[in-house]
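Student: One predicted model, sequence on top.
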Amino acid sequence: MTISTRAACALAAALLCCAAVPALAQQYPSKAVRMIVPFGAGGPADIVARLLAAKLTEAWGQPLVIENRGGAGGNIGTAAVARSAPDGYTILLTTSGFMCNPSLYKNIGYDPFKDFAPVTVVGNSATIVVRHPDLAGVNSMRDIEQLARTSNVDFATPGIGLAGHLSGELFKTLAKIDMQAIPFAGAGPAIAAMLSGQVKLGFMAVPATVPHVKAGRLVAIAVTSPQRLAVLPDVPTVAESGYPGFQVDNMYGVLAPHGTPPEVVKKLHDDIVRVVQQPEIKKLLEAAAIDIVANTPEEFARYIESEYTKWAQVLKAAGARVE
């Protein structure tokens, strides 16, 4: 084979390769897609995942299968996605712990910057600070601060590294107090512990907690969002309760393994954004007090970096660490 012939063959191969990438995106998905949720069934992340699954299955003509793989604050399921083939057939729906766990755990089994391709943040929700009705006289964040200065205070959270835990740690840092986080294996067990009075104060996910507040089984003290929530308009924010600048997002974001073809990432992004903008899904998310974000992969990457930096500082100041 002459040099010119070899060059022509190389050029033809390169052109075929370039043509194959868009074709891959057009064919994707050609089989079932697995979405790992690194938490138990029934929690807010699982609810968001199943809303997406119903509509994406319909749009793709291929099933989007939800796999709940909880444990270690979300690290087990997240690491499993990091090790998966970068072909778009295993993806992750995670929460804010994705950016915080590197500062909490000695070994999480993944690198949030090197092991993943961000797709989009579906939405954000707030954390709500609630108490058991028996904890009389504690009706504001200032009351919690004063109680912690004179007594040992425990607070329930749905898990280590989740938004509830982070909210409590940030409040401890700003108020310069000490409180003990009591993590549970998800929102369901944490709420059950609060309803029984086992733990009388909690920093909890809004979607799972609001029904109990409205039924009078728990008392709302504040929310961690920058504005009051439409579902609880009489409940103040932590910021307006005397702690300016306090904000904690409970993010629900989709990522793929690093190396997933950009065209596949783009299709995932476009299809997910299209789903969450459908009136039916938008209404369901808003009813669960989840604000739709639907940002770009580039915006999501910048968000991961900024949140990682923020929480590394907060958790170091709070002395929070899991060995």
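Tutor: Cool, got the structure.
Student: Can you give me every residue that contacts residue 284?
Tutor: Listed by CB atoms under 8 Å, 6 or more residues apart in numbering, the contact set of residue 284 reads residue 51. To be clear about C-beta, it is placed using only N, CA and C from the backbone, and glycine gets the same treatment.
Student: For it, grab phi and psi.
Tutor: Residue 284 has phi and psi values of phi -70, psi -40 when expressed as degrees, to the nearest 10.
Student: Kindly report the same for residue 65.
Tutor: In terms of degrees, to the nearest 10, the main-chain angles of residue 65 are phi -100, psi 130.
Student: next one: residue 128
Tutor: Torsion angles, degrees, to the nearest 10, at residue 128: phi -120, psi 130.
Student: and residue 227, how many residues sit next to it?
Tutor: Per other CB atoms under 10 Å, the neighbour tally for residue 227 reads 12.
Student: quick one: it is in a strand?
Tutor: No: using DSSP: H, G, I helix; E, B strand; the rest coil, the assignment for residue 227 is coil, not a strand.
Student: So it versus residue 251, what's the distance?
Tutor: Residue 227 sits 17 Å away from residue 251, going by CB to CB, to the nearest Å.
Student: same question, residue 86
Tutor: Residue 86 sits 22 Å away from residue 251, going by CB to CB.
Student: So between these two, which is more surrounded?
Tutor: residue 251 (23 against 18).
Student: pLDDT at that one, what is it?
Tutor: We have a pLDDT of 92 for residue 251.
Student: again with the one 4 residues further on
Tutor: You'll see residue 255 listed with a pLDDT of 98.
Student: quick check, it in a helix?
Tutor: No: assigned with three-state DSSP, residue 255 falls outside any helix and is strand.
Student: Next, count neighbours for the closest residue to it other than its chain neighbours.
Tutor: Distance criterion CB to CB, 6 or more residues apart in numbering; nearest residue to residue 255, sequence neighbours excluded, is residue 116 at 4.3 Å. Neighbours of residue 116 under the rule other CB under 10 Å: 27.
Student: now swap in residue 294 and tell me
Tutor: Using other CB under 10 Å, residue 294 has 16 neighbouring residues.
Student: what does residue 279 give?
Tutor: When neighbours are counted by other CB under 10 Å, residue 279 registers 7.
Student: same question, residue 283
Tutor: Using other CB under 10 Å, residue 283 has 10 neighbouring residues.
Student: who's in contact with it?
Tutor: By CB under 8 Å, 6+ apart, the contact set of residue 283 is empty.
Student: pretty sure it is in a strand, no?
Tutor: No: under three-state DSSP, residue 283 falls outside any strand and is assigned helix.
Student: And the pLDDT at it?
Tutor: On the pLDDT scale, residue 283 gets 92.
Student: and if you look at residue 8?
Tutor: Value for residue 8, per-residue pLDDT: 54.
Student: Now the terminal residues of stretch 72-90, how far apart.
Tutor: End-to-end distance for stretch 72-90: 20 Å, by CA to CA, to the nearest Å.
Student: residues in contact with stretch 222-235?
Tutor: The contact list for stretch 222-235 (CB under 8 Å, 6+ apart) reads 126-129, 140-141, 163, 167, 203, 206, 210, 213, 220-221, 236-239, 241, 246-249, 286-287, 289.
Student: Mind listing what's buried along it?
Tutor: Buried residues in stretch 222-235, counting neighbours by 16 or more other CB atoms under 10 Å, are found at 222, 223, 224, 225, 228, 229, 231, 232, 235.
Student: Equivalent analysis for stretch 44-52, please.
Tutor: Under the neighbour-count criterion of 16+ other CB under 10 Å, stretch 44-52 has 44, 45, 46, 47, 48, 49, 50, 51, 52 buried.
Student: quick check: mean pLDDT across the helix or strand containing the last one?
Tutor: Take DSSP states H and E as the rule and residue 52 turns out to sit in helix 44-60. Helix 44-60 shows an average pLDDT of 94 in the prediction.
Student: Mind listing residues that contact that helix?
Tutor: 29, 33, 35, 37-40, 63-66, 68, 93-95, 122-123, 125, 187, 205-208, 250, 252, 254, 271-272, 274-276, 278, 281, 284-285, 288, 290.
Student: Among these, name the buried ones.
Tutor: Those of those that meet the buried threshold are 29, 33, 35, 37-40, 64, 66, 68, 93-95, 122-123, 125, 187, 205-208, 250, 252, 254, 271-272, 275-276, 281, 285, 288, 290, by 16+ other CB under 10 Å.
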